[in-house]
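Enquirer: Below are the sequence and a predicted model for it; my questions follow.
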Amino acid sequence: MTTALISRPTILAGQLIRRGLFWWLSELAQLAPRPLLRLLGHSGNPTTVLALGARHITLILPERGRPSPTMLPLTDYADEDMRARVRLAMRGRRSDDAVTVRLDRDLVFETAVELPAASEPSLRPILQHQIERLVPLAVSEVAFDHRITSRGPASNTLKVRLVIAKCATIDRALALARAAGFDPRRVIAPDGDDDPGERPGRTPLILWQAGRRTTETDIRRHIRHALEIAAIVLSLTAYGLYIHRLDRVRDELQAQVGQTKEAAAAVTDLGRQVGQADESLAFLQNRRDGVPPMRVLDELTKLIPEDSWVSQLVMRGRSIELTGYSPRASDLISRVENSAMFENPRFRSPTTLAPDGSGERFALAFDIKAPERTP
């Protein structure tokens, strides 16, 4: 009942505000250190996972208090049916529409690369140059991520797990997520069961992330995060200066208000005096324009013939109503029209015969003429 009373624009505005809030929180979470997020029990990434394979699509929804999540198959569903199925499954959950897309092994290329330990500071550019030797694709056509799985102190080498995916595959995964009604935040590689570095709670290999180019290096990403933090600090500083300026303006306005209080009180008193004068003038004008009741009675005595009599007289402002009996009630109309004081005569009801049949009962109304205005 309450939901039905809320207009659709209000609901859409609320959804837009909620999405913007969740997006801002997720962006702030990206700036926070990972150890701090894990300490607070939040990874900073969506908990809803859309698992995508070559022949299947599955939505994985975590259940509070249950060890295993809910698995919702979405394979072979049209876009509208898939979106309706997702909305039904997400109903009642306190979560936004952000989702993590996880690619299955049949959609990525995995390999292990052994490199000298000295290459660790510039590991990503080195792997980027090695990609064209590993897959028959250009670097611009793929996205990749890596993780050091082991170190050989004796041989002074590194063993690196490398996962590569086509950009076309990632674009298809993003399109499917949006068709299902989600806002994809990142695309991750499948779990590495044979990788000792893979463990619960560890950041997965990210092939695509919202707001970050796939070719962005770690150094550039850190610089971007530093610039974002600097922008936030500058915004807060500007806001503080703005508040300080508002305080100064408020103090100046309060001083001006104190100076004008006496003038405002004088103006208010003058306005009250003018109002009283207007009321007095209006009263005098009404008394001047009004007709004394005794004069009205005197004129009515001359107006009503001797063979007629009045049973009721009502005077409302400049309107007069007479009720009585007369041998010829219609003659009263001409008497009023010829009067110098009255005008606009009219019967308020049809005339009827008197109970004794000797006259007519009348109900006559007419107005007192307005006095002539002198220029």
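Expert: That came through fine.
Enquirer: for the stretch 201-350 of the chain, what are the low-confidence residue spans?
Expert: Across the stretch 201-350 of the chain, residues meeting the criterion (pLDDT under 70) sit at 201-202, 211-221, 283-291.
Enquirer: could you pull out the strands for it?
Expert: Applying DSSP state E, counting those that start in this stretch to the stretch 201-350 of the chain gives strands spanning 206-209, 309-316, 319-326, 342-347.
Enquirer: most tightly surrounded among these?
Expert: Scoring the strands of the stretch 201-350 of the chain by mean neighbour count under mean count of other CB atoms under 10 Å gives strand 206-209 as the most buried, with a mean of 21. For glycine as for every other residue, the C-beta is placed from the backbone atoms N, C-alpha and C.
Enquirer: Give me the residues contacting it.
Expert: 103, 108, 143-145, 163, 165, 170, 174, 185-189, 214 (CB atoms under 8 Å, 6 or more residues apart in numbering).
Enquirer: Out of those, which comes closest to residue 78?
Expert: residue 174 (18.3 Å; CB to CB).
Enquirer: Is the closest one in a helix, a strand, or coil?
Expert: State at residue 174, reduced to three classes by DSSP: H, G, I helix; E, B strand; the rest coil: helix.
Enquirer: What helix or strand is the spatially closest residue to residue 181 that is not a sequence neighbour located in?
Expert: Closest residue in space to residue 181, ignoring its immediate chain neighbours: residue 83 at 4.5 Å, by CB to CB, 6 or more residues apart in numbering. Residue 83 belongs to helix 79-90 when elements are defined using DSSP states H and E.
Enquirer: Could you list the domains of this structure?
Expert: 1-42, 45-216, 221-289, 293-368 (automatic domain parsing).
Enquirer: Going along the chain, name the helices of this protein.
Expert: Using DSSP state H, the helices of the chain run over 2-5, 8-31, 34-39, 79-90, 123-134, 167-179, 218-289, 293-303, 331-337.
Enquirer: number of nearby residues for residue 100?
Expert: By the criterion of other CB atoms under 10 Å, residue 100 has 23 neighbours.
Enquirer: Repeat that for residue 143.
Expert: Under the neighbour criterion other CB under 10 Å, residue 143 is assigned a count of 22.
Enquirer: residue contacts, it?
Expert: 164, 165, 166, 167, 170, 187, 207, 208, 214.
Enquirer: Okay, residue 68 and residue 300: tell me how far apart.
Expert: 103 Å (CB to CB, to the nearest Å).
Enquirer: who's more crowded, those two?
Expert: A count of neighbours by other CB under 10 Å puts residue 300 above the other of residue 68 and residue 300, at 17 against 8.
Enquirer: correct me, but the more buried one touches residue 315?
Expert: No: the pair residue 300 / residue 315 is not scored as a contact, 9.8 Å apart, by CB atoms under 8 Å.
Enquirer: What is the nearest of the contacts of strand 206-209 to residue 356?
Expert: residue 185 (103.0 Å).
Enquirer: my guess is the closest one meets residue 50, correct?
Expert: No: assessed by CB under 8 Å, residue 185 is found out of contact with residue 50, at 10.7 Å.
Enquirer: Now the common contact residues for the two.
Expert: Common neighbours of residue 185 and residue 50 (CB under 8 Å, 6+ apart) are 99, 100.
Enquirer: Strands - which of the contacts of strand 206-209 land there?
Expert: Those of the contacts of strand 206-209 mapping onto strands are 103, 143, 144, 145, 163, 165, 185, 186, 187, 188, per DSSP state E.
Enquirer: tally of neighbours for residue 48?
Expert: Residue 48 - counted by other CB under 10 Å - has 21 other residues nearby.
Enquirer: Residue nearest the middle of the protein, spatially speaking?
Expert: The centroid of the chain falls nearest to residue 13 when counting by CA atoms, centre = their mean (4.2 Å).
Enquirer: Check that one and give its pLDDT.
Expert: Looking at residue 13, its pLDDT is 74.
Enquirer: need the contact list for it.
Expert: Contacts of residue 13 (CB under 8 Å, 6+ apart): none.
Enquirer: do residue 329 as well
Expert: Taking CB under 8 Å, 6+ apart as the criterion, residue 329 is in contact with 347, 351, 359, 360, 361, 362, 364.
Enquirer: What about the nearest residue to it once chain neighbours are set aside, how many residues nearby?
Expert: Closest residue to residue 329 apart from its sequence neighbours, by CB to CB, 6+ apart: residue 362 at 3.8 Å. Neighbourhood size, residue 362 [other CB under 10 Å]: 23.
Enquirer: I'd like to know how far residue 362 sits from residue 343.
Expert: For residue 362, the distance to residue 343 (CB to CB) stands at 18 Å.
Enquirer: Same question for residue 85.
Expert: For residue 85, the distance to residue 343 - CB to CB - is 84 Å.
Enquirer: can you give me how far stretch 104-117 is from the chain middle?
Expert: 48 Å (CA atoms, centre = their mean, to the nearest Å).
Enquirer: typo on my end, it should be stretch 225-235
Expert: Distance, stretch centre to chain centre, for stretch 225-235: 28 Å (CA atoms, centre = their mean).
Enquirer: Between the contacts of residue 143, which sits nearest residue 58?
Expert: Using CB to CB, these come closest to residue 58 at residue 187, 15.2 Å.
Enquirer: Now do the same contact list for that closest one.
Expert: Per CB under 8 Å, 6+ apart, neighbours of residue 187: 100-103, 143, 165, 170, 173-174, 206-209.
Enquirer: and with 7 Å instead?
Expert: 101, 103, 170, 173, 207, 208 (CB atoms under 7 Å, 6 or more residues apart in numbering).
Enquirer: Just list whatever residues bridge to it.
Expert: Counting by DSSP bridges, residue 187 is bridged to residue 101, residue 208.
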